[in-house]
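K.L.:
Got a sequence here, can you build the structure:
(one chain, ligands or ions: 2)
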Amino acid sequence: MSIPSGMIHPDEARQIVLDSISQLPSESVPLTNAAGRVLARDVVARYDYPAFPASTMDGYAIASDDVSPWREITGVQIAGPDLGLTVYPGQTVKIMTGAPLPHGADAIIPIEMVEQADDHIVMPDEAVQPGAFLRQPGSDIRSGQTLITAGALITGVELGLIATMGYDTVSVSRKPRVAVISTGDELVDPGSDLAPGMIPDSNRYSLGAALRTMGAEIVHSSRVGDDVRELAERVTSVRDDIDILVTSGGVSVGDKDVVRMLLGESAEVKFRRVFMKPGKPLTFALDKGLVIFGLPGNPVSSMVSLELFVRPAINKMLGRHPLVPDRVSVTLATDIKPSDRLEFQRVQVTVDESGRLLASSTGNQISSRLASMLNANALIVIDAGTETIPAGTVVPAILLDLPRSAGTK
Ligand code: AMP
Ligand code: MG
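P.N.:
Ligands and ions are numbered 1, 2, ... in the order given. Sure thing, here's the model as predicted:
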């Protein structure tokens, strides 16, 4: 199906967004604040690790070529400062996991493999191989090795490796600073009385929370009416503090099209309508270094647009991947009716007994029904068309979260 004039394909829209955005500068943060951030520079090993030959077991340090049938225990080396002990022929040093190997020794016998007396051990019959139960210097990490590449999300494992290399700070990308402003005369704050015709402002909360999980910092969140002057004043008051402005509502072609009126004045509007469902009206604009996403007001449209266009933008600012969402193949559990636009339908993907990814619809897909995103862990990508797509058909999907096994809650 050809794309009507005035609209662009979502892939093209995302490319325009990505081409308009550059990576943010880095900043240094202490280890304790680094989890969840994105590494800005490769972490390079600055020494071999372990730095010394270390025992992997509680046991006895011995010389493997010593043939004495029993050994006198001459000392104890625990994990800690190297006591500088030496194992001479006929002797052994008791040693703990992680402790440095004494001089003269080249192997460990685990405690379970020897007969122990107060002051000596009786050796087993089998020969002990040199290097047994030892971690050699550099066997985990080699000095100069690139340990973690820039762009990695810092989780516990990355943090542990960074700490292992003795770094107490990490270079991370600065978080994109975002303002979220919802627009609409019908909106009230949650908790306020609802006069007829009024609805709670939900987008400000769903968008703000989703943006945070994407790695953004929400520096401003507020609500304005359908009043272009009010919006313009609000934007002016926050724009110096932010990288991205996200608005919701007012981008369709209704009378009170505030964002459109606001942006018409000075901004460079890159596109206004995308050939997709939900989320056809979507304004993307640049204004003197400020990146502006005018998201549609319908709750699902705004959240799906956020996922498809704002997440890649944030990833690019953070130096993180993917910029183009990965796709997997899923099998439809139910019939699907396509629409007249490329559609991103919300589904719950589970893994069946044979390991297949099975996509079940979350129900009515109308773009005002935010509950269609509840428990949804993927968006299936359905081409525009008229023919029902039968259950069993394999279609592409963008995963929002990892699928669980079928039958698990
Ligand atoms: P709009 O894009 O402003 O034309 O809004 C489209 C639909 O989304 C209307 O039904 C609005 O009432 C609804 N809507 C707009 N903004 C919000 C919001 N912040 N929270 C919940 N619903 C909204
Ligand atoms: Mg509105």
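
K.L.:
make it CA atoms for all contacts and neighbour counts henceforth
P.N.:
Noted.

K.L.:
what about Ala195, how many neighbours?
P.N.:
Per other C-alpha atoms under 10 Å, the neighbour tally for Ala195 reads 9.

K.L.:
Pop out the phi and psi values for it.
P.N.:
Backbone torsions for Ala195, taken as degrees, to the nearest 10, come to phi -70, psi 160.

K.L.:
biggest strand in the chain, by residue count?
P.N.:
Looking across the chain with DSSP state E, the single longest strand is strand 342-351.

K.L.:
Packing partners of that one?
P.N.:
strand 276-277, strand 357-361, strand 378-382, strand 404-405 (3 or more C-alpha pairs under 8 Å, 6 or more residues apart in numbering; DSSP states H and E).

K.L.:
can you map out the helices along the stretch 301-409 of the chain?
P.N.:
311-318 (DSSP state H, counting those that start in this stretch).

K.L.:
If we ignore the residues flanking it in sequence, what's nearest Leu402?
P.N.:
Asn377 (7.0 Å; C-alpha to C-alpha, 6 or more residues apart in numbering).

K.L.:
Run me through the strand neighbours of the helix or strand hosting Ser222, direction for each.
P.N.:
Secondary structure from DSSP states H and E places Ser222 in strand 217-224. Neighbouring strands of strand 217-224 in its sheet, by DSSP bridges, are strand 177-183 (parallel).

K.L.:
which other residues reach the strand it pairs with?
P.N.:
201, 203-204, 207-208, 216-226, 231, 238, 241-250, 258 (C-alpha atoms under 8 Å, 6 or more residues apart in numbering).

K.L.:
Within the sheet, what are the partner strands of the helix or strand following it, with directions?
P.N.:
Per DSSP H and E, the first helix or strand lying C-terminal to strand 177-183 is strand 187-188. Sheet pairing here is set by DSSP bridges, and for strand 187-188 it gives strand 199-200 (parallel).

K.L.:
And the contacts of the helix or strand that the strand it pairs with is followed by?
P.N.:
Downstream of strand 199-200, the first helix or strand assigned by DSSP H and E is helix 203-213. By C-alpha under 8 Å, 6+ apart, the residues outside helix 203-213 that reach it are 180-182, 217-218, 221-223, 248, 297, 299, 302-303, 306, 311.

K.L.:
tell me which residues in stretch 361-370 are buried?
P.N.:
By 16 or more other C-alpha atoms under 10 Å, the buried positions in stretch 361-370 come out as 361-362, 365, 367, 370.

K.L.:
Could you tell me the end-to-end distance of that stretch?
P.N.:
14 Å (C-alpha to C-alpha, to the nearest Å).

K.L.:
pLDDT of that stretch, averaged?
P.N.:
Across stretch 361-370, the average pLDDT comes to 96.

K.L.:
still on that earlier bit, and ligand 2, which of the buried residues of stretch 361-370 reach it?
P.N.:
Among the buried residues of stretch 361-370, no residue is within reach of ligand 2 (C-alpha under 5 Å from the ion).

K.L.:
Just give me the closest of the residues you listed to Ile154.
P.N.:
Comparing the buried residues of stretch 361-370 against Ile154 with C-alpha to C-alpha places Leu370 closest, at 31.0 Å.
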